[in-house]
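Peer 1: mind looking at a prediction? Sequence and model below.
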Amino acid sequence: MLILCILTLAGRSVQDDACGTVRGEGVSSLHSFSSPNYPNPYPSNTDCVRVIQARPGFDVLVRFHHHFQIETSYAADEKTDRGAVTSDCPNDFIEFRDGRYGFSPLIGRFCGMSIPKADIRAKSGFLWIRFRSDELLEYKGFYASYDMVRSTDRTMNQHDCLIEHRHALDGYVGTKSLISDLALNFTGSLDCIWLLEVPHEYSIVLYINEFSLYSPNQCGLNFFEVYSGTTSDTPLKRYCGMTAAHVFSTHYLMYIRFYLHDANQIRNTSISALYSSYIRLRNCSSKQLFNCGDENCIPRSLGCNGHINCPYGNDEINCHVGKSLPLAVFLQSYRS
C-alpha cells in the first residue's frame, strides 16, 4: 500500500504541523486518522489534504468511530437520513473524493454533530481527503479508520495518466508527448493530468501556443481544464471550443486535465502550452526580478532562454543565442 500525503496549513505547505493526525501520525492504529488534536477541539484556520492509494484490485473504505463533531451549517433542516450534513458545509468539514485530485468525483462533504452513515468508498484506487476549519468555532472533530477491500466494480481508467513537472521555473506541456507514450493498442477514453509545481514563492501562468481539438464544441468528447492549487474543485478555465486563452493562476501548483472520449483521436488533436513562473509586483527590482512591463515579474534566468515568459515577449527582446541576458533587457527590469 502506498500513501501519498499533500498537506497545507493556512495555504502553506508544511512538514510537521497540526495536519499530522490527518495523515495518521500519532493515532492509535496504522489505518486510522483523526482531526487535529482529537479528542480535544481542532484548531482554527486549518486546511489538510491527504491522498491514500489502494493496492491494485482494492477499494478504500472509511468508517467513523466514537465521536463526530464538526461545525455545521446554520441553515435550517440540513440533516439527512445519513446522520450528518452532507451538502452545505461552508465553515468546517471533512471531504472525500474518489480519485487523487481536488476535482475528482465527490463522495461526500460532512459536518454536524452525528456520525455520517453514508458509504464512504473510493473505487478508483485513490481516496482524496480534506479537513478544513475556519477562523471561528472549534469542536471535538472526528476519528476514522480505513480498510482496503476487494473491488467489485473497478471504475478507474486502467491507463493512469499523470505527468509531473516539479520545481522547474518553466516548461512545455502538450499532446505530442502523450502520442509517443500511449500504447499502440490502447483503446477507450483518455483522461490525463499534468501536475505543475514551481518554487513556492511564484505563481504559474499558462501560455497556450497551439490548441486544436479533434471535435471542437463537443465538450463531452474532448476538453482541456486548468485548476489552481491542491483543493480547487472547479476549473479556472475549461476549453472545448476552437480557441483557448492564456491562464494566470495565483498558486504555485497547477493541474491541467485533458480528456478524450476516444483515445485514438489523440493523433487528430494538437495542444502545446508553456507554463512559467511569475509574481505580480509594482517594483520587480526590489526582488531582483525581470520586469515584464505590466507588473508581472519573472526570474531573471528566464530572460533570453528562448521561451516567451512575459505576456508581450519583452524577455526575448534583443537576445543573442548563447549569450546571457543582454544589457538592454537587463536595464529594462529596473524601470518603474
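Peer 2: Arrived safely.

Peer 1: okay, CA-based contacts and neighbour counts for the rest of this
Peer 2: Noted.

Peer 1: what's the average pLDDT for stretch 91-108?
Peer 2: On average, the pLDDT along stretch 91-108 is 96.

Peer 1: do stretch 187-197 as well
Peer 2: In this model, stretch 187-197 has an average pLDDT of 92.

Peer 1: same check on stretch 169-177?
Peer 2: In this model, stretch 169-177 has a mean pLDDT of 95.

Peer 1: in it, what's buried?
Peer 2: For stretch 169-177, a neighbour-count test (16 or more other CA atoms under 10 Å) marks 169-170, 173-175 as buried.

Peer 1: which of these lies closest to residue 297?
Peer 2: Of all the buried residues of stretch 169-177, residue 297 sits closest to residue 169, with 12.6 Å by CA to CA.

Peer 1: name the SS class of residue 114, please.
Peer 2: For residue 114, the assignment made with DSSP: H, G, I helix; E, B strand; the rest coil gives coil.

Peer 1: could you single out the nearest of the buried residues of stretch 169-177 to residue 161?
Peer 2: So of those, ranked by how close each gets to residue 161 (CA to CA), first place is residue 175, at 12.1 Å.

Peer 1: so the closest one sits against residue 265, correct?
Peer 2: No - look at residue 175 against residue 265 with CA atoms under 8 Å: they stay out of range, at 10.9 Å.

Peer 1: where in the stretch 1-150 of the chain is pLDDT low?
Peer 2: Within the stretch 1-150 of the chain, the segments meeting pLDDT under 70 span 1-16, 26-28, 74-87.

Peer 1: tell me which stretches of it form strands.
Peer 2: For the stretch 1-150 of the chain, the strands defined by DSSP state E, counting those that start in this stretch occupy 2-9, 12-13, 32-34, 46-53, 58-69, 93-98, 106-110, 120-122, 126-133, 141-150.

Peer 1: nearest to residue 203, out of those strands?
Peer 2: Comparing the strands of the stretch 1-150 of the chain by CA to CA, strand 12-13 comes nearest, at 13.2 Å.

Peer 1: list the contacts for residue 245?
Peer 2: By CA atoms under 8 Å, 6 or more residues apart in numbering, residue 245 lies in contact with 207-208.

Peer 1: can you classify it by secondary structure?
Peer 2: Taking three-state DSSP as the rule, one finds residue 245 in the coil state.

Peer 1: what do you get for residue 265?
Peer 2: Per three-state DSSP, residue 265 ends up helix.

Peer 1: and the closest residue to it other than its chain neighbours, how close does it get to residue 269?
Peer 2: Once flanking residues are discounted, residue 265 sits nearest to residue 214: 6.6 Å by CA to CA, 6 or more residues apart in numbering. From residue 214 across to residue 269, the span is 5 Å (CA to CA, to the nearest Å).

Peer 1: ok, residue 258 next?
Peer 2: Residue 258 is 11 Å from residue 269, by CA to CA.

Peer 1: how about residue 319?
Peer 2: Taking CA to CA, one finds residue 319 at 33 Å from residue 269.

Peer 1: related to what we said a few turns ago, looking at the strands of the stretch 1-150 of the chain, which is closest to residue 252?
Peer 2: For those, the distance to residue 252 is smallest for strand 12-13, at 10.3 Å, taking CA to CA.

Peer 1: spatially central residue in the chain, please.
Peer 2: residue 230 (3.4 Å; CA atoms, centre = their mean).

Peer 1: I'd say it and residue 252 touch.
Peer 2: No - using CA under 8 Å, residue 230 is not in contact with residue 252, being 9.7 Å away.

Peer 1: does residue 281 touch residue 294 like I think?
Peer 2: No - with contacts counted by CA under 8 Å, residue 281 stays clear of residue 294, the gap being 9.1 Å.

Peer 1: okay, now residue 281: neighbour count?
Peer 2: 16 (other CA atoms under 10 Å).

Peer 1: list the contacts for it?
Peer 2: Applying CA under 8 Å, 6+ apart, the residues near residue 281 are 295-297.

Peer 1: closest to residue 109 out of those?
Peer 2: Among these, and counting by CA to CA, the member closest to residue 109 is residue 296, at 37.3 Å.

Peer 1: helix, strand or coil for residue 176?
Peer 2: Applying three-state DSSP: residue 176 is helix.

Peer 1: chain neighbours aside, what residue packs nearest to it?
Peer 2: The spatially closest residue to residue 176, leaving aside those adjacent along the chain, is residue 270, at 7.3 Å (CA to CA, 6+ apart).
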